[in-house]
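> Here is a sequence together with a model predicted from it:
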Amino acid sequence: MDRTTPVPVCAPGQTAPCNPFLRGARSIAAGTTHSLALRQDSTVLAWGDNRSGELGNGTTSASPQTTPVQVCAPGQTAPCGHLLRGVRAIAGGSDFSLALRNDGTVLAWGFNGDGELGDGTTTTPRTAPVRVCAPGQTAP
């Protein structure tokens, strides 16, 4: 349902109507049909459309994820045994997401049909983060 006024975002693991609400975010970003939150502990949450794996939780789904889920660490599949950590910035695109890590590396996940994940492939979807290649490099 569209909203004309702001509503609080549920905490991870909650269902609507939810309480408690999401806390501890230090920044947020939005893609075309999904949202991201970078938490103070340097982990990432995502919610919304996940048809192309843009939530990074190791899955795809025809139904939107209406509450936040944790983004998996690179190489993980659902259920994630390890979470993405050490992130300092996030961004959302059209069906894909990006994270800048504290060490300066960049990760991407989601739709990749046009190479937007920067890993030297057009494999889609990528349901967990992959490293973006350095300039001039090719996969792997």
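Structure's in. What do you need? Numbers count the residues shown, from 1 in each chain.
> Going by C-alpha atoms from here, please, whenever you check contacts or count neighbours.
OK.
> how would you label the most centrally placed residue in the chain: helix, strand or coil?
The centroid of the chain falls nearest to Leu55 when counting by C-alpha atoms, centre = their mean (3.9 Å). Three-state assignment for Leu55 (DSSP: H, G, I helix; E, B strand; the rest coil): coil.
> Could you do Ser63 as well?
On the basis of three-state DSSP, Ser63 is classed as strand.
> In space, what's closest to Gln137 - neighbours in sequence excluded?
Excluding the flanking residues, the one nearest Gln137 by C-alpha to C-alpha, 6 or more residues apart in numbering is Gly120, at 7.6 Å.
> ok, the residue nearest to the centre of the chain touching Thr127?
Yes. The criterion here is C-alpha atoms under 8 Å, and Leu55 meets it with Thr127 at 7.3 Å.
> what touches both of the two?
109-110 (C-alpha atoms under 8 Å, 6 or more residues apart in numbering).
> quick one, what contacts the residue lying closest to Thr32 once chain neighbours are set aside?
Nearest-residue entry for Thr32: Ser94, 5.0 Å, with adjacent residues in sequence omitted and distances by C-alpha to C-alpha, 6+ apart. Ser94 makes contacts with 31-33, as judged by C-alpha under 8 Å, 6+ apart.
> how about JSON lines for those, with secondary structure and distance to Ala62 added?
Output for the contacts of Ser94, formatted as JSON lines (DSSP: H, G, I helix; E, B strand; the rest coil; distance: C-alpha to C-alpha, whole Å):
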{"residue": "Gly31", "secondary structure": "coil", "distance to Ala62": "17"}
{"residue": "Thr32", "secondary structure": "coil", "distance to Ala62": "16"}
{"residue": "Thr33", "secondary structure": "coil", "distance to Ala62": "13"}
